[in-house]
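In: From the sequence below, what's the structure:
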Amino acid sequence: MSQDSPRVQFIAIGGSAMHNLAIALYQKGYQVTGSDDEIAEPSKSRLAQRGLLPEAIGWFPEKIHSGLAAVILGMHARTDNPELKRAQELGLRIYSYPEYIYEQCKDKQRIVIAGSHGKTTITSMILHVLQYHNRKFDYMVGAQLEGFETMVKLTEEAPVVIIEGDEYLASPIDRRPKFLLYKHHIGLVSGIAWDHINVFPTFDEYVRQFDLFADSTPKGGTLIFDETDDLVTVICRKEREDVTRVEYSTHKHTVKDGQTSLLTESGEEVPVQVFGDHNMRNLNGAKAVLSRIGVSDRRFYEAIQTFKGAARRLEVVAKNEYTTIFRDFAHAPSKLEATSRAVKKQFANRQLIACLELHTFSSLNREFLKQYKGTFDEPHTAIVYFNPQTLAHKKLEPISEADVKAAFGRSDLLVFTDSEALREYLIGQTWHNKNLLMMSSGTFSGLDMKRLGGQITG
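Out: Modelled structure (predicted):
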């Protein structure tokens with residue numbers, strides 16, 4: 001690596017997106033350093049493998065100097081961070097990671113996938129098809145994908161970049177939603193369901209961010225959206241000068257003996273490894289994007305058959321002849337309902353036991369809990385788990401089992417607050433012709449999913 005290559009310092013390098021961006025810049029030839037007060041797996045091992053793991057945990061203002069081309073600030077850092085303060089004193093250029101991705105990609109065609117749910121899967125589908133057909137592309141996606149070494153790739157030669165666009169805040173000192181900073185040419189909105197109430201305390205304020213995203217589509221740009229979502233259509237059907245609107249819905253499909261197949265316009269049946277109406281919409285959204293960049297329907301159907309899904313998106317943990325155990329990233333009410341329905345429909349001859357962990361700030365908020373009413377009615381047995389210590393850590397009001405049952409509106413709902421008790425309950429069930437669906441953006445307080453899967457499937 002040349003001593004003349006740009007030097008960048010990451011404040012909070014251990015984050016999921018941050019450490020992947022650090023690796024991408026390192027692979028591009030940059031001199032990369034970073035700091036953090038906590039680095040967990042897999043970030044720790046992946047940084048260490050490339051010599052990017054900080055020698056010591058903590059913040060070190062002496063790492064900030066005038067020779068840095070950029071300081072990249074992660075959301076995990078606080079506004080009084082000593083490295084940030086030093087960078088501000090020196091007048092250095094401080095970027096959030098979405099700003100820096102834009103800087104790296106401003107001469108490329110930028111495609112941004114947005115939405116309260118589905119954006120990771122749609123982005124992953126697009127990347128899979130492009131890679132299958134050996135197209136050159138850069139990307140940023142929010143999950144680890146099979147066949148992809150990192151979650152961020154930045155090169156000089158790729159003409160296009162595919163970005164999963166999150167509506168959460170860019171950094172502690174930049175309160176704009178991340179997806180506005182990428183300045184898309186082609187934008188997609190998959191769905192809108194209130195989330196992140198800690199930064200968007202009202203529903204209208206949350207929806208407003210997607211309105212801003214749609215409004216930011218440039219003249220000559222394209223806005224692609226799910227026409228089955230009422231909120232999305234209100235926003236995306238607005239007249240915008242010289243913006244092309246493309247609508248999509250659920251792809252026609254059939255389910256036979258646990259196998260989902262797409263029905264093409266020519267009458268062919270194309271077997272796929274993902275299932276559920278929400279994934280059939282995700283798939284059609286990906287197809288619409290790919291069509292705009294020259295991928296024909298025929299080539300799309302050829303490639304999508306081998307798409308297995310992103311990590312923790314209806315991921316199979318274990319299975320045998322009679323039982324399949326799924327892990328899913330679902331936590332929002334709309335995703336909870338869609339995922340439960342999808343598994344139940346795909347395996348119509350099996351009962352469904354589903355367990356949701358309340359883990360996010362929104363899901364543990366007493367007022368937001370009401371949003372879950374009626375969304376967990378599909379499973380034969382519905383279970384909710386939460387850790388009271390998580391509430392204390394997030395400085396939220398305590399909630400009781402009675403609060404949870406009342407919010408979900410299901411009298412037979414089972415509620416657990418101890419992960420070992422939950423594991424023992426699940427192991428004690430009879431699993432013949434039953435599936436298990438575990439849904440969370442957390443870890444069920446460290447519950448070993450592979451061990452649980454092995455104990456259930458034998």
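
In: In this structure, which helix is the longest?
Out: Using DSSP state H to assign secondary structure, the helix with the most residues in the chain is helix 277-292.

In: Could you check the angle the helix or strand following it makes with helix 277-292?
Out: Secondary structure here is assigned by DSSP states H and E; on that basis, the next helix or strand after helix 277-292 toward the C-terminus is helix 297-304. Per axes from the mean of the first three to the mean of the last three CA atoms, to 10 degrees, the angle that helix 297-304 makes with helix 277-292 is 130 degrees.

In: Against which helices or strands is helix 297-304 packed?
Out: Using 3 or more CB pairs under 8 Å, 6 or more residues apart in numbering; DSSP states H and E as the contact criterion, the neighbours of helix 297-304 among helices and strands are helix 119-132, strand 269-272, helix 277-292. Bear in mind the C-beta positions are built from the backbone N, C-alpha and C, glycine included.

In: The same query, at a cut-off of 6 Å, please.
Out: Taking 3 or more CB pairs under 6 Å, 6 or more residues apart in numbering; DSSP states H and E as contact, the helices and strands that helix 297-304 lies on are helix 119-132.

In: Need the residues that contact the helix it packs on.
Out: Taking CB atoms under 6 Å, 6 or more residues apart in numbering as the criterion, the residues outside helix 119-132 that touch it are 113, 137, 139, 141-143, 145, 162, 164, 190, 282, 285-286, 289-290, 300, 303, 307, 310, 313.

In: just to revisit the earlier point, please export the C-alpha coordinates of the longest helix of the chain as PDB.
Out: C-alpha atoms of helix 277-292 as PDB (Å, rounded to 0.1, in the frame of the first residue of the first chain):
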ATOM      1  CA  ASP A 277     -46.500 -13.000  -0.800                       C
ATOM      2  CA  HIS A 278     -44.200 -10.300   0.700                       C
ATOM      3  CA  ASN A 279     -41.200 -12.000  -1.000                       C
ATOM      4  CA  MET A 280     -43.200 -12.300  -4.300                       C
ATOM      5  CA  ARG A 281     -43.500  -8.500  -4.100                       C
ATOM      6  CA  ASN A 282     -39.800  -8.100  -3.200                       C
ATOM      7  CA  LEU A 283     -38.900 -10.200  -6.200                       C
ATOM      8  CA  ASN A 284     -41.100  -8.100  -8.500                       C
ATOM      9  CA  GLY A 285     -39.500  -5.000  -7.200                       C
ATOM     10  CA  ALA A 286     -36.000  -6.300  -7.900                       C
ATOM     11  CA  LYS A 287     -37.100  -7.400 -11.400                       C
ATOM     12  CA  ALA A 288     -38.400  -3.800 -12.100                       C
ATOM     13  CA  VAL A 289     -35.000  -2.300 -11.000                       C
ATOM     14  CA  LEU A 290     -33.000  -4.800 -13.100                       C
ATOM     15  CA  SER A 291     -35.200  -4.100 -16.100                       C
ATOM     16  CA  ARG A 292     -34.100  -0.400 -15.900                       C
END
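
In: which residue sits closest to residue 17, ignoring its sequence neighbours?
Out: Counting by CB to CB, 6 or more residues apart in numbering, residue 17 lies nearest to residue 97, which is 5.6 Å off, once chain neighbours are set aside.

In: right, and the one you found touches residue 22 too?
Out: No. The pair residue 97 / residue 22 is not scored as a contact, 9.4 Å apart, by CB atoms under 6 Å.

In: quick one, which of these two is more surrounded?
Out: Per other CB atoms under 10 Å, whichever of residue 97 and residue 22 has more neighbours is residue 22, with 29 against 25.

In: Just the CA atoms from the one helix or strand the more buried one maps to would do, formatted as CSV, please.
Out: In the assignment (DSSP H and E), residue 22 maps to helix 16-27. Provided in CSV are the C-alpha atoms of helix 16-27 (Å, rounded to 0.1, in the frame of the first residue of the first chain):
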residue,chain,number,x,y,z
SER,A,16,-22.0,-3.4,11.0
ALA,A,17,-22.0,-0.9,8.1
MET,A,18,-18.9,0.9,9.4
HIS,A,19,-16.5,-2.0,9.5
ASN,A,20,-17.7,-3.2,6.1
LEU,A,21,-17.0,0.3,4.7
ALA,A,22,-13.6,0.2,6.3
ILE,A,23,-12.8,-3.1,4.7
ALA,A,24,-14.0,-1.9,1.3
LEU,A,25,-11.7,1.2,1.5
TYR,A,26,-8.8,-1.0,2.6
GLN,A,27,-9.3,-3.3,-0.4
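
In: mean confidence score for that helix?
Out: Model confidence over helix 16-27 averages 96 on the pLDDT scale.

In: what ranges of this structure fall below the confidence cut-off?
Out: Along the chain, segments meeting pLDDT under 70 span 1-3.

In: for it, what spans make up the helices?
Out: Assigned helices in the chain, in chain order: 16-27, 43-49, 82-90, 97-105, 119-132, 203-215, 230-236, 277-292, 297-304, 333-346, 388-393, 401-408, 419-427, 449-457 (criterion: DSSP H).

In: so who does the closest residue to residue 433 other than its chain neighbours touch?
Out: Spatially, and ignoring its direct neighbours in sequence, residue 433 is nearest to residue 350 (4.9 Å; CB to CB, 6+ apart). Contact analysis of residue 350 by CB under 6 Å, 6+ apart lists 433, 434, 435.

In: returning to that earlier point: which strands and helices sit next to the helix holding residue 22?
Out: The contact analysis (3+ CB pairs under 6 Å, 6+ apart) places helix 16-27 against strand 31-35, helix 97-105, strand 152-153.

In: Can you check what angle separates the first one from helix 16-27?
Out: Think strand 31-35. 150 degrees.

In: buried ones in strand 31-35?
Out: Of the residues in strand 31-35, those scored as buried under the neighbour-count criterion (16 or more other CB atoms under 10 Å) are 31, 32, 33, 34, 35.

In: Show me what the last one bridges to in the sheet.
Out: Yep, that's residue 35 we're talking about. Judged by DSSP bridges, the bridge partners of residue 35 are residue 11.

In: JSON lines for the helices and strands packed on helix 16-27, including distance to residue 409?
Out: Conversion of the helices and strands packed on helix 16-27 to JSON lines gives the following (distance: least, CB to CB, whole Å):
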{"stretch": "strand 31-35", "distance to residue 409": "46"}
{"stretch": "helix 97-105", "distance to residue 409": "38"}
{"stretch": "strand 152-153", "distance to residue 409": "41"}
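
In: List just the one of the ones you listed that sits closest to residue 361.
Out: Taking CB to CB, helix 97-105 is the member of the helices and strands packed on helix 16-27 nearest to residue 361, at 20.6 Å.

In: Give the buried residues for the closest one.
Out: 97, 98, 99, 100, 101, 102, 104, 105.
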